[in-house]
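>>> Need a 3D model of the following:
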Amino acid sequence: MVRIGILTISDRASRGEYEDLSGTAIEAWLKRAVTTEWKPVRRIVPDGIETVRDALLALCDEERVDLVLTTGGTGPAPRDLTPEAMCMVIERELPGFGELMRRVSLESVPTAILSGQMAGTRGHTLIINLPGKPASIDVCLNAVFPAVPYCLDLIGAGRIETDPRLCKTFRPA
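You can find the predicted model right below:
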């Protein structure tokens, strides 16, 4: 069974002061789009480079998830350090993911240029950083997810299938 990590990065949500709407939005999107049996592995951590780094390492190396979708901590605020933590964890960056997410986000939000969204791999895990706003989750996942199953195949992760009505997945001929 494919295991998908959903990592919410938020000081307030980690303290229980704020409901984790973004992690819930990711899980809801996945339930609509992924037809393969999968299991969510949810985590909430405070902002900061060490907490995010440690959570990513645990999900990749200990939990051995196939895919990690993070939400939050990608802006320019002092504690928004998800991209910096991500750089400490990944073995290979996949810049096209971040480029595409910012491009599609710019169609509705002019501040999308401030976002440090990115993606990369660690071993057999693909990690994608998503924005923290729930409304942006669908926009970004709709844009990049067609490449995700093929990327997972290429890195030796678990195989996933998606609903073709929602996600036109790329498969080589």
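>>> Identify the bridge partners of the residue nearest to the spatial centre of the chain.
Note on the chain: the residue nearest the mean C-alpha position is Leu69, at 2.2 Å, using C-alpha atoms, centre = their mean. Leu69 has these beta-bridge partners by DSSP bridges: Ile6, Ile128.
>>> check contacts around it.
Ile4, Gly5, Ile6, Leu7, Ile26, Leu30, Ile128, Leu130, Leu141 (C-beta atoms under 8 Å, 6 or more residues apart in numbering). Every C-beta, even on glycine, is put in place using the N, C-alpha and C of the backbone.
>>> which of these lies closest to Gly120?
Ile128 (8.5 Å; C-beta to C-beta).
>>> Verify the contact between the closest one and Leu67 for me.
Yes. Ile128 is within contact range of Leu67, at 7.5 Å (criterion: C-beta atoms under 8 Å).
>>> Could you identify the buried members of the contacts of Leu69?
Buried by 16 or more other C-beta atoms under 10 Å: Ile4, Gly5, Ile6, Leu7, Ile26, Leu30, Ile128, Leu130, Leu141, out of those.
>>> The residue nearest to Ser14 when sequence neighbours are not counted and Leu81, how far apart?
Among residues not flanking Ser14 along the chain, Pro46 sits closest, at 4.4 Å (C-beta to C-beta, 6 or more residues apart in numbering). Taking C-beta to C-beta, to the nearest Å as the measure, Pro46 and Leu81 are separated by 11 Å.
>>> So for those two, which sits in the more crowded spot?
Using other C-beta atoms under 10 Å as the criterion, Pro46 and Leu81 rank with Leu81 on top: 21 against 17.
>>> Look up how far Ser10 lies from the more buried one.
12 Å.
>>> List the residues that are in contact with both of these two.
By C-beta under 8 Å, 6+ apart, the residues touching both Leu81 and Ser10 are Asp47, Gly73.
>>> helices or strands next to the host helix or strand of Glu50 in the packing?
Counting by DSSP states H and E, the element that carries Glu50 is helix 49-57. With contacts defined as 3 or more C-beta pairs under 8 Å, 6 or more residues apart in numbering; DSSP states H and E, helix 49-57 has these neighbours: strand 2-9, strand 38-45, strand 67-71, helix 82-89.
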